[in-house]
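> below is the sequence, then the predicted model.
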Amino acid sequence: MKAAEIAARRAARLAAVQALYQMEVSGATTADVLEDFRAGKLPRESDALYTEAEGDQELFKVLVEKAVERQATIDRAIARRLNKGWRLERIDAVARAILRAGAAELEQRTDIPTAVVIDEYVEIAHAFFEGPEPSFVNATLDACAKDLREGLLGA
């Protein structure tokens, strides 16, 4: 894969996380964030990950639309892997957006290796968090991967 393709996917992933966060906190719609991405308003600058790359439109659309359409399944996959007594709602909204985007990609883009997907979202977590969150994202997505990749959770 070419460096430009990798950069475009990274930009799409970061934008998807930002879009899912925006949708949760401000009530933006899928149409709103798709338009923001097309207009170049997403991804917003992030110290570690900001890139001038043109984002992968197709990947962004799949991540956002499927994270929304399949949210119940995705949230169930994530919640199954949380420590006893923890609920998804208790997790920081940015971390929740990272997990949902990562889970959507694991489920929908089986052409991208599991390790690549997980590594990309761990890097996004590092851009937002300095504490244990990147390790939490790594462990949670890794634990969810088999269920999501093999469709073990159903619709």
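Structure's in. What do you need? Numbering: from 1, shown residues only.

> select the longest helix from this protein.
Longest helix in the chain by number of residues (criterion: DSSP state H): helix 3-26.

> so the residue nearest the centre of the chain, which of the three states?
In the chain, the centroid-proximal residue (CA atoms, centre = their mean) is Ala101; its distance is 2.0 Å. Secondary structure assignment for Ala101 (DSSP: H, G, I helix; E, B strand; the rest coil): helix.

> next, the angle from the helix or strand just after the longest helix of the chain to helix 3-26.
Using DSSP states H and E, the helix or strand that follows helix 3-26 towards the C-terminus is helix 30-38. Calculated by axes from the mean of the first three to the mean of the last three CA atoms, to 10 degrees, helix 30-38 forms an angle of 140 degrees with helix 3-26.

> which residues touch helix 30-38?
By CB atoms under 8 Å, 6 or more residues apart in numbering, the residues outside helix 30-38 that reach it are 12, 15, 19, 22-23, 28, 42, 55, 57, 60-61, 64-65, 68. (C-beta placed from N, C-alpha, C; glycine too.)

> one more pass at 6 Å, please.
Residues external to helix 30-38 that are found in contact with it (CB atoms under 6 Å, 6 or more residues apart in numbering): 15, 19, 42, 60, 64, 68.

> out of those, who has the most neighbours?
When neighbours are counted by other CB atoms under 10 Å, Ala19 leads the contacts of helix 30-38 with 28 neighbours.

> count of neighbours near Ala4?
Count around Ala4 with other CB under 10 Å applied: 10.

> how many residues are close by the nearest residue to it once chain neighbours are set aside?
In this structure, Ala4 finds its nearest non-sequential neighbour in Ala53, 6.8 Å apart by CB to CB, 6 or more residues apart in numbering. Counted with other CB under 10 Å, residues neighbouring Ala53 total 17.

> check Gly151 too.
Residues near Gly151, counting by other CB under 10 Å, number 11.

> can you tell me the element the residue nearest to it when sequence neighbours are not counted falls in?
Computed as CB to CB, 6+ apart, the closest residue to Gly151 that is not its neighbour in sequence is Glu107, at 7.8 Å. Using DSSP H and E, the element containing Glu107 is helix 93-108.
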